[in-house]
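Fold the following.
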Amino acid sequence: MEAARDKGVLESLATKVSNERITKELDLMFAGRDPHHAAQILYELNIMQHSLKVPPVCEGIRAANLRVELKNEEVRQQKAFASLKAIQAMHYLWETLKKDPMALGMHITFEDKDKSKGKGKDNLYYLAMLLPYVGYKYMLKGKSVNVYEYVMSDGLKVSRTCLASTR
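This is a model prediction of the structure:
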């Protein structure tokens, strides 16, 4: 576990491990029995903070259009902690509604519309993980792009069909 916290190892993860490999590992974790626990471990080992390919600088809509340095270690830690909490909240909601779809006073289910791939639940975990980045834009080739969309499609190489439901 100590090796995973080593700055050199974390930097290698960020620069040498392919986006597709990171996505494959996240897919396995999110499809597993305890995705919220896997997210906790990723956070505690600083892997979550270093595995997301976020743009270095973006404009924050929620922050009165202030420039935000997403590569700043303190900001990276804050975003990762918020991601962890969003994943935990989503997991709690998922498990509660799975046991009792009427728990919130109305019938709610999370149906997997893409049953052939089994990615519905996984995509919810990805979206929860990226929730802290909603409201931030990144200039890419002269075009303003949502940071969460950039991370999902260009960083994690996740299908754009997952993103279509968030627009």
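
Can you pull the phi/psi pair for residue 79?
phi -70, psi -40 (degrees, to the nearest 10).

For residue 94, see how far away residue 122 is.
As judged by Cβ to Cβ, to the nearest Å, residue 122 and residue 94 stand 11 Å apart. Where C-beta positions appear, they are placed from N, C-alpha and C, glycine not excepted.

shaky segments in the protein?
1, 60-68, 71, 109-120, 155, 157-167 (pLDDT under 70).

Report the central residue of it.
Nearest residue to the geometric centre of the chain (Cα atoms, centre = their mean): residue 129, 2.8 Å.

Thought residue 88 was touching that residue, still the case?
No - taking Cβ atoms under 8 Å as the definition, residue 129 is not a contact partner of residue 88, at 10.8 Å.

Just say helix, strand or coil for the residue of the chain most remote from its centre.
Distance from the centre of the chain peaks at residue 105, with 28.7 Å (Cα atoms, centre = their mean). Assigned by DSSP: H, G, I helix; E, B strand; the rest coil, the conformation of residue 105 is coil.

Next, work out how far apart it and residue 98 are.
According to Cβ to Cβ, residue 105 and residue 98 sit 17 Å apart.

where along this protein do the helices fall?
Counting by DSSP state H, one finds helices in the chain at the ranges 2-5, 7-16, 19-31, 35-44, 47-51, 73-99, 120-130, 147-150, 160-164.

mind checking which of these is nearest residue 58?
helix 147-150 (5.2 Å; Cβ to Cβ).

who does that closest one touch, helix- and strand-wise?
strand 136-140 (3 or more Cβ pairs under 8 Å, 6 or more residues apart in numbering; DSSP states H and E).

Please spell out which residues along the strand it packs on are buried.
136-138 (16 or more other Cβ atoms under 10 Å).

The closest residue in space to residue 27 that isn't next to it in sequence: what's it in contact with?
Computed as Cβ to Cβ, 6 or more residues apart in numbering, the closest residue to residue 27 that is not its neighbour in sequence is residue 122, at 5.9 Å. Residues near residue 122 by Cβ atoms under 8 Å, 6 or more residues apart in numbering: 27, 30-31.

Distance to residue 7 and neighbour count added to the residues you listed, as a markdown table?
Converted to a markdown table, the contacts of residue 122 look like this (distance: Cβ to Cβ, whole Å; neighbours: other Cβ atoms under 10 Å):
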| residue | distance to residue 7 | neighbour count |
| --- | --- | --- |
| 27 | 27 | 17 |
| 30 | 26 | 22 |
| 31 | 30 | 13 |
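
That concludes my questions; thank you for your assistance.
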